[in-house]
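Q: This is a predicted model, with the sequence first.
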Amino acid sequence: MASLCKLDYPLYACQVLDGDHIVVGGGGGAAKTGVPNVVDVLMMQKVSGKLQADPCERLDTGDNSVMNMSVVNRSSENNFLLAIGLGGTCKIYSVRRTSKSNESGTDRNVRKRKPNKELKETHSNGVHSFEFNLLQTLETDFSPDEPLQKAVRISKDCKILITGGSDGHVRAWNIHDFSKRFFVKGHKDDVTDVDISPDGKDVVSVSRDGTAIILDSETGCKKLDLHVKWNSQMTTRNYRFRSCRYGVVVDDQKSYALFTAHAPIRPGRRADTKAPQGCITKWARKKASVGPLCPAIVQYTGREAISSMTISSDGVFLGLGFMEGSVAIYISFSLQCAKRVSNYHSIFVTGLSFLPPSDNAITGPCDAAVVSVSADNQCKVVKLSKRTLFPVWVGLLLVIVSVLAAAYILFELGII
């Protein structure tokens, strides 16, 4: 566990760029309180043996705080596509990493950050610079009172952009020319989360009204009502869908699974033993890749309400954030909890993102490392230690027993 940094504004979203850079966003909103509305690129580095992250680039977002974001690598480790939700709009940027600062063609709101001197001395490749190029601004929510984009996702192939708004609509655009793909009134209340399947064929959305649906990514036609399937297999209907994520199957990278997080409709106090628990669901097809999705595993997660969810790029781990600031890592195959850190943040967790599974140069040996952000202004990381076949104390006990047994045999033979 490590606290990477504390910034000067509430954090609402985060995404890992690569093994040592994170994008975070948030702000104080339209109120003139002096709290900035920005996107920061953080560079992680070990300094004197301690893991920390410092801003190396900042993008000013004006009067709107960043409430949600999505980042995808554009087939090059130095070129990324970034989408951020600002009020009822979505801004899409091309983000390019360079070794030297280059102001030409960048968004005029980008501010260069002064790198930490100690960091610069310990980073063998120097401090990278990032260029933000604004590609498009889209209107993504048309609520009459206060338009607000609630969720955004970019497909892995950078072809589709999906947004969900407080007006209950799921909207899709073609990224190459930002033309409309489909607008669907999928829910009666806020869309709280959206995602796109790894093959780009399906779109899933969940809402505060308790519903969850899968849409065809080409036409927007409904394929499945997830909430109907879920309610038919559960003994209670006192839950609503909170988050959704697709993840690749560990043993078959061409296949994928769907995971959803659920919160009680009427959550009770944590001390109340009769209060309903939050839960997560793994969805699978009954006959391999044939037939509709059905709930395969439902795992209860405790009396804290789930506030955010993410999945590692290799599909091995799920990350959960909770309303009381806790962070947990679950194994996606069985939905067993591998690690939980209670009250890690002082307030609810707003965003999570796993570091690349193969990059251990900074985090050190570990099976997984998930970055978390919160409205407490802090960015932290939870690491899952390397798994062993059995605990260390068991190994030591076996060694001691083996030595004593060998000594006894030698004694009986008269050798010692």
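A: Structure's in. What do you need?
Q: Can you list the low-confidence ranges for the stretch 101-250 of the chain?
A: 101-127, 235-236 (pLDDT under 70).
Q: Of all the residues in stretch 367-386, which ones are buried?
A: By 16 or more other CB atoms under 10 Å, the buried positions in stretch 367-386 come out as 367-384. Any C-beta I mention is one placed from the backbone N, CA and C, and that applies to glycine too.
Q: Stretch 128-135 now?
A: For stretch 128-135, a neighbour-count test (16+ other CB under 10 Å) marks H128, S129, F130, E131, F132 as buried.
Q: ok, of these, which one's closest to Q15?
A: Using CB to CB, F130 comes nearest to Q15 of those, at 13.4 Å.
Q: residues near the residue nearest to that closest one when sequence neighbours are not counted, how many?
A: Leaving aside its sequence neighbours, F130 sits nearest to E57 (CB to CB, 6 or more residues apart in numbering; 4.2 Å). E57 has 25 neighbouring residues, counting by other CB atoms under 10 Å.
Q: can you offset everything so residue one is 14?
A: Happy to do that; since the first residue is 14 now, the last one works out to E70.
Q: helix or strand for E70, which one?
A: Counting by DSSP states H and E, the element that carries E70 is strand 63-73.
Q: so after that strand, what's the next helix or strand?
A: strand 79-89.
Q: I figured T376 was touching L64, is that so?
A: Yes: assessed by CB atoms under 8 Å, T376 is found in contact with L64 at 6.9 Å.
Q: Quick check: the residue nearest to T376 when sequence neighbours are not counted vs T323, distance?
A: Leaving out its chain neighbours, the residue that sits closest to T376 by CB to CB, 6+ apart is A382, at 4.6 Å. The spacing between A382 and T323, counted by CB to CB, to the nearest Å, is 12 Å.
Q: quick one: common contacting residues for the two?
A: F367 (CB atoms under 8 Å, 6 or more residues apart in numbering).
Q: For the closest residue to E231 other than its chain neighbours, which residues are in contact?
A: Spatial nearest neighbour of E231, excluding adjacent residues (CB to CB, 6+ apart): R194 at 7.4 Å. By CB under 8 Å, 6+ apart, R194 lies in contact with I173, A185, W186, N187, S230, E231, G233.
Q: mind giving me a markdown table with the buried residues of stretch 141-148 and columns for distance to D222 and secondary structure?
A: As requested, these are arranged in a markdown table below (distance: CB to CB, whole Å; DSSP: H, G, I helix; E, B strand; the rest coil):
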| residue | distance to D222 | secondary structure |
| --- | --- | --- |
| H141 | 43 | coil |
| S142 | 44 | strand |
| F143 | 39 | strand |
| E144 | 41 | strand |
| F145 | 36 | strand |
